[in-house]
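Student: the sequence isn't on hand, but the structure is:
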Ligand SMILES: NC(=O)c1ccc[n+]([C@@H]2O[C@H](COP(=O)([O-])OP(=O)(O)OC[C@H]3O[C@@H](n4cnc5c(N)ncnc54)[C@H](O)[C@@H]3O)[C@@H](O)[C@H]2O)c1
């Protein structure tokens with residue numbers, strides 16, 4: 001219950017339900033962190049903060065477009081006003097526009113790079129500035145298995161997520177001097193609104209695990225990712241930086 005006692009965490013893309021950001025925020029709060037939850041969808045982020053506060057935690061919801069450079073500065077100022085600083089930053093917000101390369105417009109390509117990669121650069125830069133005078137911190141960037149292997153219709157999404165993977169390692173090397181750690185997580189098929197939209201299904205039991213080549217034979221749950229992020233956020237991972245955590249039931253082991 002207190003693995004993150006006294007720490008302040010920011011989670012982007014925390015509105016979607018079911019979604020990885022929301023479940024992560026709830027899990028970090030359960031372990032004692034104070035939470036700032038942001039999203040384009042303020043109502044959804046507020047509902048996440050309400051759930052945390054209703055359970056006796058401490059959370060603030062803010063509207064944020066993660067692609068907006070100025071908004072990052074405003075969000076960090078607000079975090080500092082409210083909680084005095086930042087210890088954990090989870091760059092989770094993302095979109096998946098899965099289109100075959102021959103049908104993909106340049107705008108669609110660029111949008112996915114902006115939301116899935118450029119935003120992570122902005123988030124890491126802002127987090128380092130907020131954490132460096134605090135003696136350290138932990139940045140966790142949500143990539144994907146699509147950032148590790150080639151997947152159908154994932155030209156832009158995979159390029160962005162592969163960029164997140166290697167950017168996280170560069171950030172880890174550069175920010176180590178401030179005792180700031182940076183790691184990437186790589187979910188496989190996890191049942192969220194994004195996955196429902198991508199597959200066109202409304203129930204995880206309808207997913208065909210063998211067609212999707214998932215050795216454990218089932219989609220994952222948001223908590224499978226949240227628990228890994230919790231570990232990376234906590235002092236248990238004090239010696240872990242520049243690493244990639246694959247949570248995919250064996251998909252990319254094949
Ligand atoms: N679900 C999966 O199977 C899976 C697998 C691999 C990686 N991921 C990654 O995990 C992260 C979370 O995915 P999810 O499945 O929970 O998706 P989701 O669509 O359910 O939630 C994503 C959230 O990000 C928000 N968002 C989108 N664009 C934004 C922007 N510009 N600014 C602020 N917020 C924005 C959305 O409003 C939404 O609340 C994403 O980065 C996604 O690429 C998911």
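Tutor: Nice, I can see it. No experiment lies behind these values; they were computed from the predicted model shown.

Student: for the rest of this, base every contact and every neighbour count on C-alpha atoms.
Tutor: Will do.

Student: need the three-state assignment for residue 186.
Tutor: Classification of residue 186 by DSSP: H, G, I helix; E, B strand; the rest coil places it in strand.

Student: contacts only, for residue 198.
Tutor: Counting by Cα atoms under 8 Å, 6 or more residues apart in numbering, residue 198 makes contact with 96, 98.

Student: do residue 163 as well
Tutor: 117, 147.

Student: helix, strand, or coil at residue 245?
Tutor: Following three-state DSSP, we place residue 245 in the strand state.

Student: does it really touch residue 184, like I thought?
Tutor: Yes: between residue 245 and residue 184 there is a contact at 6.2 Å, judged by Cα atoms under 8 Å.

Student: show me what from this structure comes close to the ligand.
Tutor: 13-16, 19-21, 39-41, 64-67, 92-95, 115, 142-144, 187-195 (Cα under 6 Å from any ligand atom).

Student: and residue 38, what pLDDT?
Tutor: Per-residue confidence at residue 38 stands at 99 (pLDDT).

Student: parallel or antiparallel, list what pairs with the host helix or strand of it.
Tutor: Assigned by DSSP states H and E, residue 38 belongs to strand 34-39. Taking DSSP bridges as the criterion, strand 34-39 forms sheet pairs with strand 8-12 (parallel), strand 59-63 (parallel).

Student: contact partners for residue 167?
Tutor: Each residue near residue 167 by Cα under 8 Å, 6+ apart is listed here: residue 121.

Student: centre of the chain versus the helix or strand hosting it, how much separation?
Tutor: Counting by DSSP H and E, the element that carries residue 167 is helix 155-175. The chain centroid and the centroid of helix 155-175 are separated by 13 Å, computed with Cα atoms, centre = their mean, to the nearest Å.

Student: in this structure residue 226 contacts residue 20, no?
Tutor: Yes: between residue 226 and residue 20 there is a contact at 6.9 Å, judged by Cα under 8 Å.

Student: give me the more crowded residue out of those two.
Tutor: residue 20 (29 against 20; other Cα atoms under 10 Å).

Student: pLDDT weak spots in the stretch 151-254 of the chain?
Tutor: Counting by pLDDT under 70, the stretch 151-254 of the chain contains no low-confidence residues.

Student: just say helix, strand or coil for residue 81.
Tutor: helix.

Student: give the burial count for it, as a bare number.
Tutor: 10.

Student: next, the residue most central in space within the chain: phi, psi?
Tutor: The residue lying closest to the centre of the chain (Cα atoms, centre = their mean) is residue 92, at 2.1 Å. Dihedral pair for residue 92: phi -110, psi -30, per degrees, to the nearest 10.

Student: now the helix holding residue 167: buried residues?
Tutor: For helix 155-175, a neighbour-count test (16 or more other Cα atoms under 10 Å) marks 155-169, 171-172, 175 as buried.

Student: who's more crowded, residue 245 and residue 184?
Tutor: Using other Cα under 10 Å, the more surrounded residue of residue 245 and residue 184 is residue 184, with 28 against 18.

Student: please name the residues that touch that one.
Tutor: When contacts are counted by Cα under 8 Å, 6+ apart, residue 184 touches 140, 141, 142, 143, 164, 165, 168, 242, 243, 244, 245.

Student: list the contacts of the second one.
Tutor: Contacts for residue 141 were tallied using Cα under 8 Å, 6+ apart; they are 90, 91, 92, 120, 164, 168, 182, 183, 184, 185.

Student: and those, which is closest to the ligand?
Tutor: Distance to the ligand across these (Cα to the nearest ligand atom) is lowest for residue 92, with 4.7 Å.
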